[in-house]
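Enquirer: No sequence on hand, only this structure:
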């Protein structure tokens, strides 16, 4: 448990530095698998005719599914398939972490057949006190999803709580 913790200038220096983009693919198989895995039964996620009848170009991505990172041996994280950390990180020395939640803001449909370029950055750092964990560092990360036509289709913000 951290008793006293302050955000340093070195930590603040990483705010806003965008990562290199990473490719995510959206396929009919991945849309169906995600929808099935979370229990969706709406035919638009499984049947292209139903999706097109509902006004989509193809199977739409279910909420919170933003494609699958392309795995490249030696360059990808072995667990999550995205890129290994290449940019500066927030060096804080805290050992414990909690998921602070994620929110996604959509600007356009994402459908099977789309290829998304994803770039992330640390967008905010803050410190809060907790009665149970002591001082916590809250790191907010933001990822921007741009489709093959250069259109930003989603922005996802997530928080990690370090203590």
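Expert: Great, that's in hand. Note that the structure is predicted; figures quoted are calculated from it, not measured.
Enquirer: So residue 30 belongs to a helix, correct?
Expert: Yes. Counting by DSSP: H, G, I helix; E, B strand; the rest coil, residue 30 is part of a helix.
Enquirer: Contact partners for the nearest residue to residue 104 once chain neighbours are set aside?
Expert: Setting aside the residues directly before and after it, residue 104 is nearest to residue 156 in space (Cβ to Cβ, 6 or more residues apart in numbering), at 4.7 Å. Where you see a C-beta, it was placed from the backbone N, CA and C, and this is true even at glycine. Residues near residue 156 by Cβ atoms under 8 Å, 6 or more residues apart in numbering: 66, 102, 103, 104, 105, 142, 143, 145.
Enquirer: Look through this protein and tell me its longest strand.
Expert: In the chain, taking DSSP state E as the definition, the longest strand is strand 115-130.
Enquirer: just checking, what packs against that one?
Expert: With contacts defined as 3 or more Cβ pairs under 8 Å, 6 or more residues apart in numbering; DSSP states H and E, strand 115-130 has these neighbours: strand 22-25, strand 134-146.
Enquirer: Kindly reformat these as CSV and extend each row with mean neighbour count and distance to residue 97.
Expert: Shown next, in CSV, are the helices and strands packed on strand 115-130 (neighbours: other Cβ atoms under 10 Å; distance: least, Cβ to Cβ, whole Å):
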stretch, mean neighbour count, distance to residue 97
strand 22-25, 18, 22
strand 134-146, 19, 9
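Enquirer: Let's have those strands in JSON lines, adding distance to residue 5 and mean pLDDT.
Expert: Formatted as JSON lines, these follow (distance: least, Cβ to Cβ, whole Å; pLDDT from 0 to 100):
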{"stretch": "strand 22-25", "distance to residue 5": "31", "mean pLDDT": "96"}
{"stretch": "strand 134-146", "distance to residue 5": "4", "mean pLDDT": "96"}
